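Engineer: Have a look; sequence and predicted model below, questions after that.
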Amino acid sequence: MCAHVVVAEDDEKQAELARRYLEREGHSVVVVRDGRAALDEIRRQPPELLVLDVMMPKVDGWDVCRILRRESELPVLMLTARSAEDDLLLGLDLGADDYMTKPYSPRELVARVRTLLRRVRRDEPGIDPVLRVGGLRIDPERHEVSSDARRVDCTPGEFALLHAMAAQPGRVFTREQLLGHLHGFDRYITSRTVDVHVMNLRKKIEPNPRKPRRLVTVYGVGYKLVEDGDGPGRAR
């Protein structure tokens, strides 16, 4: 799943690290150092995805995202050292598709890029949009979930969380990251909203919700979705 990616990052070391890891994945990467250069490069040769730092000279990431959303549907992964919930929601309101806070793992960056590209390309011929994790089957086009061949009814918020985690099985999601996937589905969201959705999902997809083996807790971090029994988990 190789793609042309623009990385807009004014920190030279961060930009080089992102470039190296993305090129190792097979992507072609162009690095720019400020927001104005990012807009110029995107208009000159439109990429398939933009990795966009928020705090940049000339034009900051917020304004770059705002301008791009008037011109295209280019997938945008925002990077920022600011982890406040208001900043997260602002980025999503402006049209960012995903959001990572610094410091971040380069391997996680590559995984997020891969997920965004998969989401964009899922309508291409030959690509199956259905996600399968153990006995779970998640169909985003039909908005259907089954657990061990048994249909499961999910609310839009529950489906959004399950689909996000199923796209990267085994990855640990923090509550803040999961909150981003609830934007637009729940009118009032807090970190407790995530816990409630997880509790309800466990009732629907776990053989024993009190001893979850699929949607498990990583204490002090968040949650992850795993193949049945791949990780120990206990309900919080």
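Structural biologist: Perfect, I can see it now. Residues are numbered from 1 along each chain as shown.
Engineer: List the contacts of the residue positioned nearest the centre of the chain.
Structural biologist: The structure's the chain has its C-alpha centroid closest to residue 98; by Cα atoms, centre = their mean the separation is 4.8 Å. The contact partners of residue 98, by Cβ atoms under 8 Å, 6 or more residues apart in numbering, come to 76-78, 112, 115-116, 180. Every residue, glycine included, has its C-beta placed from N, CA and C.
Engineer: What does the pLDDT read for it?
Structural biologist: Per-residue confidence (pLDDT) for residue 98: 84.
Engineer: returning to what we had before: next, format the contacts of residue 98 as TSV and append pLDDT and neighbour count.
Structural biologist: Shown next, in TSV, are the contacts of residue 98 (pLDDT from 0 to 100; neighbours: other Cβ atoms under 10 Å):
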residue	pLDDT	neighbour count
76	92	25
77	92	21
78	87	27
112	86	23
115	83	18
116	85	21
180	70	22
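Engineer: Max pairwise distance over those: which two?
Structural biologist: Within these, two members stand farthest from each other by Cβ to Cβ: 78 and 115, at 14.5 Å.
Engineer: Return the distance of residue 129 relative to residue 153.
Structural biologist: To residue 153, residue 129 is 20 Å away according to Cβ to Cβ, to the nearest Å.
Engineer: Which secondary structure element of the protein has the lowest mean pLDDT?
Structural biologist: helix 85-93 (a mean of 60; mean pLDDT, DSSP states H and E).
Engineer: contacts for the one helix or strand residue 118 maps to?
Structural biologist: Per DSSP states H and E, residue 118 falls inside helix 106-121. Here helix 106-121 makes contact (Cβ under 8 Å, 6+ apart) with 1, 3, 5, 17-18, 20-22, 24-25, 27, 48-49, 51, 75, 77, 97-98, 100, 127, 167-168, 171.
Engineer: Out of those, which end up buried?
Structural biologist: Buried members of these, counted by 16 or more other Cβ atoms under 10 Å: 3, 5, 17-18, 21-22, 25, 27, 48-49, 51, 75, 77, 97-98, 100, 167-168, 171.
Engineer: Quick check, residue 18 in contact with residue 6.
Structural biologist: No. The pair residue 18 / residue 6 is not scored as a contact, 10.7 Å apart, by Cβ atoms under 8 Å.
Engineer: of residue 129 and residue 153, who's got more company?
Structural biologist: residue 129 (15 against 9; other Cβ atoms under 10 Å).
Engineer: my guess is residue 158 is in a strand, correct?
Structural biologist: No. Counting by DSSP: H, G, I helix; E, B strand; the rest coil, residue 158 is not found in a strand; it is helix.
Engineer: residue contacts, it?
Structural biologist: Contacts of residue 158 by Cβ under 8 Å, 6+ apart are 197, 200-201, 204.
Engineer: Tabulate those residues (a markdown table), appending distance to residue 225.
Structural biologist: Listed next are those as a markdown table, based on distance: Cβ to Cβ, whole Å:
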| residue | distance to residue 225 |
| --- | --- |
| 197 | 13 |
| 200 | 15 |
| 201 | 9 |
| 204 | 13 |
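Engineer: Tell me how far the residue of the chain positioned farthest from its centre lies from residue 150.
Structural biologist: Most distant from the centre of the chain: residue 208, at 28.1 Å, with distances by Cα atoms, centre = their mean. In this view, residue 208 and residue 150 are 15 Å apart by Cβ to Cβ.
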